[in-house]
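In: Below: sequence and its predicted model.
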Amino acid sequence: MFDSGVGGLAVLIETHRLLPDEDILYYADSAYFPYGSRPPEQIRERAAAVTRILLDRGARLIVVACNTATSAAIAYLRETFDVPFVGMEPALKPAAERTLAGKVALLVTPQTARGQKLAALIDRYGAEVAVRTIAAPDLAERVEAGAIDDPATRALVRAYVAPVRASGADVLALGCTHYAFLRSMIEEEAGDGVLVIEPSAAVARQAVRVLDSLGPRERRASGGRVLYLTSGNDAAFAAVRARLEAAGAALPPGVAEVPRAEEG
């Protein structure tokens, strides 16, 4: 699985919990973070490059653990590579099903907010409810820096959540994997009347279904191996993982490896 940085680790946590016997490669494309500030064609190029790296290392299934990359690139990836892909999208369907007020909000990156995939998702599931889309510049960047519990991050969260309360929405769907690590803060700022939905567990369940459709899985008594890779600075990636763990994230133990020269 891959993301532009550490956000997809939320999906890794859920996937490893369901598939403890599977080897998992996690690629943080940190040298190109954030995807959200890049044009769609560049995101597609990076997604394809990372896919080739994962395939060269034996991947049978690739999880695009990034809403922005899913929006910009997953159709292209499916056309280009002969391997199944599982992508991310804001949890608008369950949000629409669970709202009592008939009003839901989506918290997304600016690139996802502009994407056609989100527009199609709103057309499909937002017909019966009012949908408020809130673009959140700089919020993923706070998580990428490991600043998940400081006043500056809380100030951003408070500013982005205020329109949710003002709109009367009673469900808030998180549309960026990085936001999973801010879920508690977002829930605090949203208040008791707003249900916050984050899709990492649902994506992990879909990954299990797709993997099972490929045939019998190997069972290892010793468990699977998690390999952490990054196109960016390996020490910085390890430091952010440590900060997330210190804040309570249940990251699976794994091995960090410097990518091969051709993988940069």
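Out: Looks like it arrived, so ask away.

In: What's the local residue count around the spatially closest residue to Pro20 that is not a sequence neighbour?
Out: Excluding its sequence neighbours, the residue lying closest to Pro20 (Cβ to Cβ, 6 or more residues apart in numbering) is Gly223, at 5.3 Å. (Glycine included, C-beta is placed from N, CA and C.) Neighbour count for Gly223, taken as other Cβ atoms under 10 Å: 14.

In: which stretch of helix or strand covers the nearest residue to Arg219 once chain neighbours are set aside?
Out: Nearest in space to Arg219, with sequence neighbours left out and distances taken as Cβ to Cβ, 6+ apart, is Asp21 at 5.1 Å. Per DSSP states H and E: Asp21 is located in neither a helix nor a strand.

In: Asp21 and Gly224, how far apart?
Out: Distance of Asp21 to Gly224, computed by Cβ to Cβ, to the nearest Å: 5 Å.

In: Comparing the two, which residue is more hemmed in?
Out: Taking other Cβ under 10 Å, Asp21 and Gly224 do not tie; Gly224 has more neighbours (18 against 13).

In: okay, which residue is most central for this structure?
Out: Thr177 (2.7 Å; Cα atoms, centre = their mean).

In: which residues sit in contact with that residue?
Out: The contact partners of Thr177, by Cβ atoms under 8 Å, 6 or more residues apart in numbering, come to 3, 7-11, 65-67, 88, 200.

In: Against Ala202, how distant is it?
Out: Counting by Cβ to Cβ - Thr177 and Ala202 are separated by 12 Å.

In: tally of neighbours for Glu198?
Out: Neighbour count for Glu198, taken as other Cβ under 10 Å: 23.

In: Quick check: phi and psi at Phe81.
Out: phi -120, psi 140 (degrees, to the nearest 10).

In: ok, and what's touching the helix or strand of the chain with the lowest mean pLDDT?
Out: Between all helices and strands in the chain, the lowest mean by mean pLDDT, DSSP states H and E belongs to strand 255-256, at a mean of 76. For strand 255-256, contacts defined as Cβ under 8 Å, 6+ apart pick out 225-229, 234, 237-238.

In: hmm, try it at 7 Å
Out: 225, 227-228, 234, 238 (Cβ atoms under 7 Å, 6 or more residues apart in numbering).

In: Walk me through which strands it pairs with, and which way each runs.
Out: According to DSSP bridges, strand 255-256 forms sheet pairs with strand 226-230 (parallel).

In: Same question for the next helix or strand after the strand it pairs with: list its buried residues.
Out: With elements assigned by DSSP H and E, the helix or strand that comes after strand 226-230 is helix 234-246. For helix 234-246, a neighbour-count test (16 or more other Cβ atoms under 10 Å) marks 234, 237, 240-241, 243-244 as buried.

In: Nothing else from me, thank you.
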